[in-house]
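Engineer: Output the structure for:
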Amino acid sequence: MAIRIITDSTSDISFDQAKEMNLTIVPLKVIFGDKEYKEGIDITIDGFYQKLVQADKLPTTSQPAPDDFLEYFKQAKEAGDSVVVILIAGKLSGTVQSAMIAKEMADYSDIYIVDSSNTITGLRLLVEQAVKLRKEGMAARYIYDTLEKLKDRIVLLAMVDTLEYLHKGGRLSKSSAILGSLLNFKPVIQLKDGAIGVVGKERGSNKGIAKILESMDVFGEIDEAYPVNFGFTATDSKTLMLKEKVIEKYGIQNYGIYPVGCVVGAHVGPGACVITYIKKA
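Structural biologist: Down below sits the predicted model:
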């Protein structure tokens, strides 16, 4: 009996990487006007950011339907395999709900659905751990229980380059967006328990990066038993700066740098930098 691992496209694991890792990606969708694109299938990350900066109106995003999961669940049931499903935070998307409905439709109990309370580099961390534990011969239930504990130790901090996309998405008044742009404010945000919170607004990228480092000391020390994941939207220059500062301060050696895809990129815009790590218990 095998263990099948499924995640969604906001993990930013490419379909080629998914083959190497022996996992399945269920795509979310991004919609420009009347055109719908499956993330990672119908549109590339570079192609998305080119369209985003040219768009008059912010694209919308859409979760997978239960049917998008159901076929995979039926296949596992027929084979007698276990399934571990690790998905974007339920507070950010209805993807977890779709998977839950599909599990009921499949009428199969050997499916373990993890609401990661995360996305992008944080979701990737959990998927990487699931793959590692499977290689070590752990059972599906053990993998699920481990991820449920681990997700509460994930710290995700990001600096957003501009307030423009928050304004376009209706999350900020026009006057605030203009003021922020004129003063070159860089919002620093945290994703915690599946919800986004503003940690601070700093003037300029250097101060924004310094705020991330300061926040890391507050939110928890890096557990070096796990990799540190860095992310970027469209351009990696600020992320490379952040990475150097983190290496200088904490001496980390195990890390990865990954582009942030369409669905999350639609809400934060280009030029954002992200750090995600697992804090010490």
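
Engineer: For the rest of this, base every contact and every neighbour count on C-alpha atoms.
Structural biologist: Will do.

Engineer: if I look at residue 89, how far off is residue 71?
Structural biologist: According to CA to CA, to the nearest Å, residue 89 and residue 71 sit 22 Å apart.

Engineer: what do you get for residue 117?
Structural biologist: Relative to residue 71, residue 117 is positioned 25 Å away (CA to CA).

Engineer: again with residue 5
Structural biologist: In terms of CA to CA, residue 5 sits 14 Å off from residue 71.

Engineer: go on, residue 151?
Structural biologist: Using CA to CA, residue 151 is found at 27 Å from residue 71.

Engineer: Compare those two and say which is more crowded by neighbours.
Structural biologist: residue 151 (21 against 13; other CA atoms under 10 Å).

Engineer: check contacts around the more buried one.
Structural biologist: Residue 151 is in contact with 116, 117, 118, 126, counting by CA atoms under 8 Å, 6 or more residues apart in numbering.

Engineer: got the residues you listed as TSV, with neighbour count and secondary structure columns?
Structural biologist: Converted to TSV, the contacts of residue 151 look like this (neighbours: other CA atoms under 10 Å; DSSP: H, G, I helix; E, B strand; the rest coil):
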residue	neighbour count	secondary structure
116	27	coil
117	23	coil
118	31	coil
126	26	helix
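
Engineer: Let me know the closest of those residues to residue 247.
Structural biologist: residue 126 (22.2 Å; CA to CA).

Engineer: Could you report the distance from that closest one to residue 238?
Structural biologist: Residue 126 is 24 Å from residue 238, where distance means CA to CA.

Engineer: ditto for residue 53
Structural biologist: 18 Å.

Engineer: For these two, work out which one has more neighbours and name it.
Structural biologist: residue 238 (21 against 12).

Engineer: can you count the residues close to the closest residue in space to that one that isn't next to it in sequence?
Structural biologist: Leaving aside its sequence neighbours, residue 238 sits nearest to residue 273 (CA to CA, 6 or more residues apart in numbering; 6.0 Å). Residues within reach of residue 273, counting by other CA under 10 Å, total 29.

Engineer: pretty sure residue 70 contacts residue 107?
Structural biologist: No. In this structure, residue 70 is not within contact of residue 107 by CA atoms under 8 Å, at 10.2 Å.

Engineer: Which one's more surrounded, these two?
Structural biologist: Neighbour totals were compared for residue 70 and residue 107, and residue 70 leads with 20 against 13 (other CA under 10 Å).

Engineer: Name the helix or strand for the more buried one, please.
Structural biologist: Secondary structure from DSSP states H and E places residue 70 in helix 66-79.

Engineer: all helices for the stretch 51-200 of the chain, in order.
Structural biologist: For the stretch 51-200 of the chain, helices defined by DSSP state H, counting those that start in this stretch occupy the ranges 66-79, 95-106, 120-135, 140-150, 164-168, 174-182.

Engineer: could these go into TSV alongside mean pLDDT?
Structural biologist: Listed next are the helices of the stretch 51-200 of the chain as TSV, based on pLDDT from 0 to 100:
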stretch	mean pLDDT
helix 66-79	98
helix 95-106	98
helix 120-135	98
helix 140-150	98
helix 164-168	66
helix 174-182	54
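
Engineer: Now tabulate these in JSON lines and tack on distance to residue 246.
Structural biologist: Formatted as JSON lines, the helices of the stretch 51-200 of the chain follow (distance: least, CA to CA, whole Å):
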{"stretch": "helix 66-79", "distance to residue 246": "38"}
{"stretch": "helix 95-106", "distance to residue 246": "33"}
{"stretch": "helix 120-135", "distance to residue 246": "16"}
{"stretch": "helix 140-150", "distance to residue 246": "22"}
{"stretch": "helix 164-168", "distance to residue 246": "27"}
{"stretch": "helix 174-182", "distance to residue 246": "26"}
